[in-house]
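K.L.:
Just need the structure, nothing else, for what follows:
(one chain, ligands or ions: 1)
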Amino acid sequence: MASRRFFVGGNWKMNGTKESVEELVSVLNAASLHDETDVVCAPPSIYLHFARSILDPKISVAAQNCYKTAKGAFTGEISPAMIRDCGADWVILGHSERRHVFGEGDELTGQKVAHALDSGLGVIACVGETLEEREAGTTEEVVYAQTQFIADNVKDWDKVVLAYEPVWAIGTGKTASPEQAQEVHQNLRGWFRANVSDDVADAVRIIYGGSVTAANCRELASQDDVDGFLVGGASLKPEFVDIVNARA
Ligand SMILES: O=C(CO)COP(=O)(O)O
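P.N.:
Have a look, this model is predicted:
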């Protein structure tokens, strides 16, 4: 197994207040987080600057979404330039809630990936199948197609982490089993080998998201092709520290 740095992101989604952000940040700042793990917190955009200003610098900050251009008449949107201006280094793109709640497709997601990377942000790019797609046996077809749209817009893979988040496992308490996660991650790595390069296949971090908790993270983290997590609900709680340290 190539040595890939473990990567754990906390996607706070549309949760929190200034007070709860302060409380969570004080827990994270005081915690002993494994040195060999990249830790990234993704607060709602309105708290990006605030979270960045109080988080320990060893914890990175991500936005949860952005638009595909630097500025202009796009009411309600934020740009990668603004995210960087708030001190954040990463953006989550293609999250299933953007795809399924807000109807954002592969093409727009790809354009956002290209612009975010051009603007100097790192990208956590998300893919994942719905329950119907899994039951129809099309998981690989779906995640390969989503990954292709992302790959078409990436020149430098060092700045990209791929998050496999099966839609049926997000916020449902139904985690993919370690074997199910490993199977898709291994297949995705094979896709990179066949369609991008051996070097990228060996180096790209493929992280898992979907009902990750302190109780299930260690077994998932022990899988060869699981290089970290994108955590929703549990990232709002002190147990996020245990998930960060799942490989420690
Ligand atoms: O969507 C997710 C992270 O981006 C996962 O959310 P949950 O951990 O709440 O299932």
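K.L.:
just the strands in this structure please.
P.N.:
6-11, 37-42, 60-63, 90-93, 122-127, 160-164, 205-209, 228-231 (DSSP state E).
K.L.:
residue contacts, Pro80?
P.N.:
Applying Cβ atoms under 8 Å, 6 or more residues apart in numbering, we find Pro80 in contact with 66, 70, 91, 115-116, 119-121. Any C-beta I mention is one placed from the backbone N, CA and C, and that applies to glycine too.
K.L.:
rerun at 7 Å
P.N.:
By Cβ atoms under 7 Å, 6 or more residues apart in numbering, the contact list for Pro80 reads 66, 91, 115-116, 119, 121.
K.L.:
Give me every residue in this protein lying close to the ligand.
P.N.:
Proximity of the chain to the ligand, by Cβ under 6 Å from any ligand atom, involves residues 11, 95, 165, 170-171, 209-212, 230-234.
K.L.:
Quick one: buried ones out of the residues you listed?
P.N.:
11, 95, 165, 170, 209-212, 230-234 (16 or more other Cβ atoms under 10 Å).
K.L.:
Centre of the chain to stretch 63-71, how far?
P.N.:
Stretch 63-71 has its average C-alpha position 16 Å from the chain's average C-alpha position, going by Cα atoms, centre = their mean, to the nearest Å.
K.L.:
Where does the protein get nearest to the ligand, residue-wise?
P.N.:
Proximity of the chain to the ligand (Cβ to the nearest ligand atom) peaks at Gly232, 2.2 Å away.
K.L.:
How about that residue, nearest residue that isn't a chain neighbour?
P.N.:
Asn11 (5.2 Å; Cβ to Cβ, 6 or more residues apart in numbering).
K.L.:
isn't that neighbour right next to Ile92, touching?
P.N.:
Yes - between Asn11 and Ile92 a contact is recorded at 6.2 Å, counting by Cβ atoms under 7 Å.
K.L.:
quick one: contacts for Asp199?
P.N.:
Contacts of Asp199 (Cβ under 7 Å, 6+ apart): none.
K.L.:
gap between it and Arg193?
P.N.:
10 Å (Cβ to Cβ, to the nearest Å).
K.L.:
Good, we can wrap up now.
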